[in-house]
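A.B. asks: I need the structure of the sequence given here:
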Amino acid sequence: MPGLSAVDRKKIEAQLWKAHGAFWNNPDGPSAHADPMRNAFDGIAKVLCDAGILSVDLLRKQIPELVWDSAIAGGWWFRASDVRQDIFPEQIGHHWVWRDDTSDEAALFRSETGKWLGKLLEDSAHGKKHAGPRSDNVRKRRRDPGIEELNRRIRQLRDEGLTHKEVCDRLGEDPRPPRAAWRDLPWPTAYKLHGSAVSKWLSDACRLISAR
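C.D. replies: Numbering: from 1, shown residues only. Modelled structure (predicted):
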C-alpha cells in the first residue's frame with residue numbers, strides 16, 4: 001500500500017500481531033482462523049480510514065489479500081501452497097489455497113466490508129474525502145522547497161532523454177526524498193533495490209512539474 005506513513009505501517013503491523021496472538025491463544029477453537037482474520041481486516045481498515053486513504057479498492061482487494069497472506073504466513077490458515085496444485089486451485093494474494101465447500105469462506109469479510117463501505121458513503125455524504133496515497137505525497141512535496149528543486153532536476157534529466165536508471169546514476173549521492181523508505185541509500189543503489197518505488201517517485205516528480 002504505497003504512500004502509508006511509517007506510523008500507519010506500524011499500526012497495521014500491530015493489528016496483524018494482535019490477530020496472530022489471538023489465533024495461537026486458541027488455535028483449535030471452532031472459528032479459530034476466521035475470527036483473527038476478520039479482526040485483522042477490521043483493524044487495518046480502521047487504520048486506513050483514520051489516515052484518510054481508505055477506498056473501495058482497498059476494501060475489496062488489497063486488505064483481504066494482505067490478511068490472507070498474513071494468515072497463511074502466520075499459520076492461521078494451513079491449507080495453502082506457494083505454487084498452484086490440484087488441491088490448491090484458487091489464488092488469493094501470493095498463495096494458492098484450498099477452501100472447504102461446506103463453509104462460506106468467500107464471504108469471510110462480507111460483514112466488515114459492508115461496515116466500512118457504509119463508513120465511506122457516510123463520510124462522503126458529510127463532505128469528508130478520503131484522499132489516495134499519491135495525492136497525500138503530492139501535498140507533502142509541494143510544501144518542501146528541497147523537494148521542489150529535486151523535482152526540477154529530475155524533470156531536466158528526463159527531458160534530456162535519460163531513463164529512470166540513468167537519472168539515478170546521474171543523481172548519485174544527491175539528496176533523496178526525506179520521507180521515502182529508501183532515503184538513506186544513494187540513488188543508484190535505491191533504484192537497484194527498490195526499482196518500482198523509485199521509478200514511481202521519479203514519474204510523480206515529472207508530473208508535478210508538468211502540471212505547473
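A.B. asks: going forward, measure contacts and count neighbours with C-alpha atoms only.
C.D. replies: Noted.
A.B. asks: what segments of this protein are strands?
C.D. replies: Under the criterion DSSP state E, strands of the chain are mapped to 80-81, 90-92, 95-97.
A.B. asks: so what's the gap between the biggest helix by length in the chain and the chain middle?
C.D. replies: Using DSSP state H, we find that the single longest helix of the chain is helix 6-25. Relative to its chain's centre, helix 6-25 lies at 15 Å (CA atoms, centre = their mean, to the nearest Å).
A.B. asks: name the helices or strands packed onto that helix?
C.D. replies: Using 3 or more CA pairs under 8 Å, 6 or more residues apart in numbering; DSSP states H and E, the elements in contact with helix 6-25 are helix 34-51, helix 63-74.
A.B. asks: that helix relative to helix 34-51, how many degrees between them?
C.D. replies: Orientation check (axes from the mean of the first three to the mean of the last three CA atoms, to 10 degrees): helix 6-25 against helix 34-51 gives 170 degrees.
A.B. asks: in helix 6-25, what counts as buried?
C.D. replies: 8-9, 11-12, 15-17, 19-20, 22-24 (16 or more other CA atoms under 10 Å).
A.B. asks: which residues does it contact?
C.D. replies: 32-33, 36-37, 39-40, 43-44, 47-48, 51, 67, 70-71, 74, 76 (CA atoms under 8 Å, 6 or more residues apart in numbering).
A.B. asks: still on that earlier bit, want to throw the buried residues of helix 6-25 into a markdown table with pLDDT?
C.D. replies: Below are those laid out as a markdown table (pLDDT from 0 to 100):
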| residue | pLDDT |
| --- | --- |
| 8 | 91 |
| 9 | 90 |
| 11 | 94 |
| 12 | 94 |
| 15 | 94 |
| 16 | 94 |
| 17 | 94 |
| 19 | 92 |
| 20 | 92 |
| 22 | 89 |
| 23 | 89 |
| 24 | 89 |
